[in-house]
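Colleague: model the structure of this input:
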Amino acid sequence: MCRPADTSEEAERLQLEIWRAMSADQKLRLVFEWSDLARATFEAGIRERHPDYTADEVRMARIRHELGDELFQRVYPGERLLQP
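Modeller: From the prediction side, this is the model:
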């Protein structure tokens, strides 16, 4: 794993120790939290670029981005292709 430029060796070592000490359940919960954070951050960007979108339109624009156009249109036939 490549250490980020803004992270010291000591900080990286400590972080790895913490992760290794976590149970599988704790690690899984952390993954879900990070996933939720990434989704919220992406949706915030959509809202900033498209302040006229409703909450549902923001969600659909995110889903379109995640699935790609072909799969999105198969899963949500007739749904508008909103720009993320």
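
Colleague: return the distance of whichever helix or strand Leu14 is part of from the chain's centre.
Modeller: Assigned by DSSP states H and E, Leu14 belongs to helix 9-21. Computed by CA atoms, centre = their mean, to the nearest Å, the chain-centroid distance of helix 9-21 equals 23 Å.

Colleague: show me what the helix or strand that it is followed by is packed against.
Modeller: Next helix or strand after helix 9-21 toward the C-terminus (DSSP H and E): helix 24-49. With contacts defined as 3 or more CB pairs under 8 Å, 6 or more residues apart in numbering; DSSP states H and E, the packing partners of helix 24-49 are helix 55-67. For the C-beta atoms, the positions are set from N, CA and C on the backbone; glycine is no exception.

Colleague: quick one: average pLDDT of the helix or strand following the helix it packs on?
Modeller: Of the helices and strands lying after helix 55-67 in sequence (DSSP H and E), the nearest is helix 69-75. The average pLDDT for helix 69-75 rounds to 97.

Colleague: where in this structure is pLDDT low?
Modeller: Residues of the chain meeting the criterion pLDDT under 70: 1.

Colleague: how much space between the spatially most central residue of it and Asp52?
Modeller: Residue closest to the mean C-alpha point of the chain, counted by CA atoms, centre = their mean, is Ala38 at 2.6 Å. Distance of Ala38 to Asp52, computed by CB to CB, to the nearest Å: 24 Å.

Colleague: repeat that for Asp69.
Modeller: 21 Å.

Colleague: these two - which one has more neighbours?
Modeller: In this view Asp69 and Asp52 are compared by other CB atoms under 10 Å, and Asp69 has more residues nearby, 10 against 6.

Colleague: once you drop chain neighbours, what's closest to that one?
Modeller: Of all residues not flanking Asp69 in the chain, Leu81 sits nearest, at 6.4 Å (CB to CB, 6 or more residues apart in numbering).
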